[in-house]
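Chemist: With the input below, show me the fold.
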Amino acid sequence: MSYPVIRINEGHDRRLRNGSPWLYSNELQIDKAAKALPPGSVVRLASHDGRALALAHFNPHSLIAARILTRNTDGLIDQDFLLRRCRRALELRELLYATPHYRLVHGEADGLPGLVIDRFGDTLVVQLNSAGMDGLAAEIIGALSELLGSVDIHLRKDAPVRLLEGLTQEEEPVAEMSAALSTIENGLSFAIDTAGGQKTGWYFDQRENRAFAASLAKDASVLDLYSYAGGFGLTALASGARELVCVDRSEAALALATASAALQGVEAKMQVRVSDAFAALDELAAEKRRFGLVLADPPPFARSRKDLPQALKAYRKVARGSALLVAPGAFLCLSCCSHNVPEEDFARECYAGIRSAGRSGTLIRSAGAAADHPIHPALPESAYLKFLAYRLD
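Modeler: Coordinates of the predicted model:
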């Protein structure tokens, strides 16, 4: 296939040679002809002296101008290419998990930059987050159908990152969706909303961390802040917690948590509070409540690097307010899902918050995302999730 050639500026191919899946616009020779290419075009990347190095999706209007697809410069980016990559991703997930509920494709780490696919049994939710993958929608659907047979496929085109690619935010169902869907995680059934829910409708990345937190919950009262659909708290109930308070400002999210509690037969042990997390922390402190396990999994406070200073203050505030509600000798679990927050900064602010609450303790677990969210070794952004578990004195 004769793809257009985009040359890399002299001295700027080191990151590519070291495995980076991205090249930025200032690293490429973006001339008039390059600017005329449609966003998402497949191009052949070449060194400044013309040696072919990789095939990539190219977007002349994005800061991330080239997303590497393959180092095979004679390859063809078509449905068969997508099928091979998806099959390889599937083989890993089937090795990891006994039930077909997982992140099937995780972007760059699975060799498909800009593509995210979550699997809920026979339902697939596909996020097309780059111009290149958006242009391959039909081929992606074809590859998934060939790989998995009869499945319902739902395209989510509403991620904010699409705007950075010059794309619109919209939804496009490929097949009629079931009115009520559920997923299975750690042996439990959870109600999900794949159309109106956040991201794809569920966060599989916290799977192992939910199981760990639940192991601390026997006979405990549990507070689940930013609970969304109740994944942390309900897993704790299934592991022997005696009661659960879920806090989220979204009524729709708490409705999912309530539906999941009904599926699991534990609705009598769960209370919900529609509230901002900080307001709920103040209210619970005024009520002199204490919990054996407090969980806080907030949305990303730092959506860009400029947000970092305020984000760190917010994480410290969450840690302080949460620590005030932890019973002596009990547990506090804190999460951060922003890649813009360095792990060491998050840990520092969490412990500073704990100390400002007049508490001390030990860190008993530091972890990231589940194994179906693999990390690309040359892309620090893919190691976005931080999870810290403390036992407080």
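
Chemist: contacts and neighbour counts: CA atoms only from here.
Modeler: Fine.

Chemist: Helices of the chain, start to end?
Modeler: Using DSSP state H, the helices of the chain run over 14-17, 32-35, 79-96, 131-135, 137-148, 161-164, 207-214, 231-238, 251-264, 277-286, 308-323, 343-356.

Chemist: Between the ones you listed, which one is closest to A54.
Modeler: Closest of those to A54 is helix 14-17, at 8.9 Å (criterion: Cα to Cα).

Chemist: Go through the closest one and flag the buried ones.
Modeler: Buried residues in helix 14-17, counted by 16 or more other Cα atoms under 10 Å: L16.

Chemist: One more: stretch 294-306?
Modeler: For stretch 294-306, a neighbour-count test (16+ other Cα under 10 Å) marks V294, L295, A296, D297, P298, P300, F301, A302 as buried.

Chemist: next one: stretch 124-140
Modeler: 124-134, 136-137, 139-140.

Chemist: Between the residues you listed, which sits nearest H57?
Modeler: Relative to H57, the closest of the buried residues of stretch 124-140 is G132; by Cα to Cα it sits at 5.4 Å.

Chemist: distance of the closest one from L167?
Modeler: The gap separating G132 from L167 is 11 Å, by Cα to Cα, to the nearest Å.

Chemist: Then V245?
Modeler: Where L167 is concerned, V245 sits at a distance of 40 Å (Cα to Cα).

Chemist: same question, C336
Modeler: Distance, C336 to L167, using Cα to Cα: 27 Å.

Chemist: same deal with L104?
Modeler: In terms of Cα to Cα, L104 sits 24 Å off from L167.

Chemist: same question, G196
Modeler: In terms of Cα to Cα, G196 sits 20 Å off from L167.

Chemist: neighbour-wise, which of the two wins?
Modeler: L167 (19 against 12; other Cα atoms under 10 Å).

Chemist: Would you list the phi and psi of the more buried one?
Modeler: Note on L167: backbone dihedrals following degrees, to the nearest 10 are phi -100, psi 160.

Chemist: can you tell me which residues contact I192?
Modeler: A180, L181, S182, T183, G201, W202, A229, L256 (Cα atoms under 8 Å, 6 or more residues apart in numbering).

Chemist: For stretch 90-101, which outside residues touch it?
Modeler: Contacts for stretch 90-101 (Cα under 8 Å, 6+ apart): 102-105, 118-121, 183-185, 371-372.

Chemist: Out of these, flag the one nearest to K386.
Modeler: Using Cα to Cα, these come closest to K386 at A371, 13.8 Å.

Chemist: May I see the buried residues of whichever strand in the chain runs longest?
Modeler: Ranked by residue count and defined by DSSP state E, the top strand of the chain is strand 326-336. The neighbour-count check on strand 326-336 (16+ other Cα under 10 Å) flags V326, A327, P328, A330, F331, L332, C333, L334, S335, C336 as buried.

Chemist: Quick one: those as TSV, columns for pLDDT too.
Modeler: Formatted as TSV, those follow (pLDDT from 0 to 100):
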residue	pLDDT
V326	98
A327	98
P328	97
A330	98
F331	98
L332	98
C333	98
L334	98
S335	98
C336	97
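
Chemist: and those residues, which two are the farthest apart?
Modeler: P328 and C336 (24.2 Å).

Chemist: show me where the stretch 51-200 of the chain has strands.
Modeler: 52-58, 64-70, 101-106, 115-120, 123-128, 152-157, 170-173, 181-185, 188-192 (DSSP state E, counting those that start in this stretch).

Chemist: Measure how the fourth one sits relative to strand 101-106, angle-wise.
Modeler: It refers to strand 115-120. Angle of strand 115-120 versus strand 101-106, following axes from the mean of the first three to the mean of the last three Cα atoms, to 10 degrees, is 170 degrees.

Chemist: How far does strand 115-120 sit from its chain's centre?
Modeler: Offset of strand 115-120 from its chain centre (Cα atoms, centre = their mean, to the nearest Å): 11 Å.

Chemist: how about the closest residue in space to L83 that isn't next to it in sequence, what does it touch?
Modeler: Using Cα to Cα, 6 or more residues apart in numbering and skipping the chain neighbours, the partner closest in space to L83 is A143 (4.8 Å). Counting by Cα under 8 Å, 6+ apart, A143 makes contact with Q79, D80, L82, L83, C86.

Chemist: Same list, those, but as TSV with pLDDT and neighbour count please.
Modeler: Formatted as TSV, those follow (pLDDT from 0 to 100; neighbours: other Cα atoms under 10 Å):
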residue	pLDDT	neighbour count
Q79	98	19
D80	98	15
L82	98	20
L83	98	20
C86	98	21
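
Chemist: Stretch 191-202: which residues count as buried?
Modeler: In stretch 191-202, counting by 16+ other Cα under 10 Å, buried: A191, I192, D193, T194, A195, Q198, K199, T200, G201, W202.

Chemist: And the furthest pair within those residues?
Modeler: Among the buried residues of stretch 191-202, the pair separated by the greatest distance (Cα to Cα) is A191 and K199, at 14.8 Å.

Chemist: now the angle between helix 343-356 and the longest strand of the chain, please.
Modeler: 160 degrees.

Chemist: Note down every partner strand of strand 326-336 and its orientation.
Modeler: If you go by DSSP bridges, strand 326-336 pairs up with strand 291-296 (parallel), strand 386-392 (antiparallel).

Chemist: hey, which of the ones you listed is tucked in deepest?
Modeler: Neighbour counts (mean count of other Cα atoms under 10 Å) averaged over each of the strands paired with strand 326-336 peak at strand 291-296, with a mean of 25.

Chemist: Identify the residues contacting it?
Modeler: Outside strand 291-296, the residues that touch it by Cα under 8 Å, 6+ apart are 216-217, 220-227, 232-233, 318, 322-323, 325-327, 330-335.
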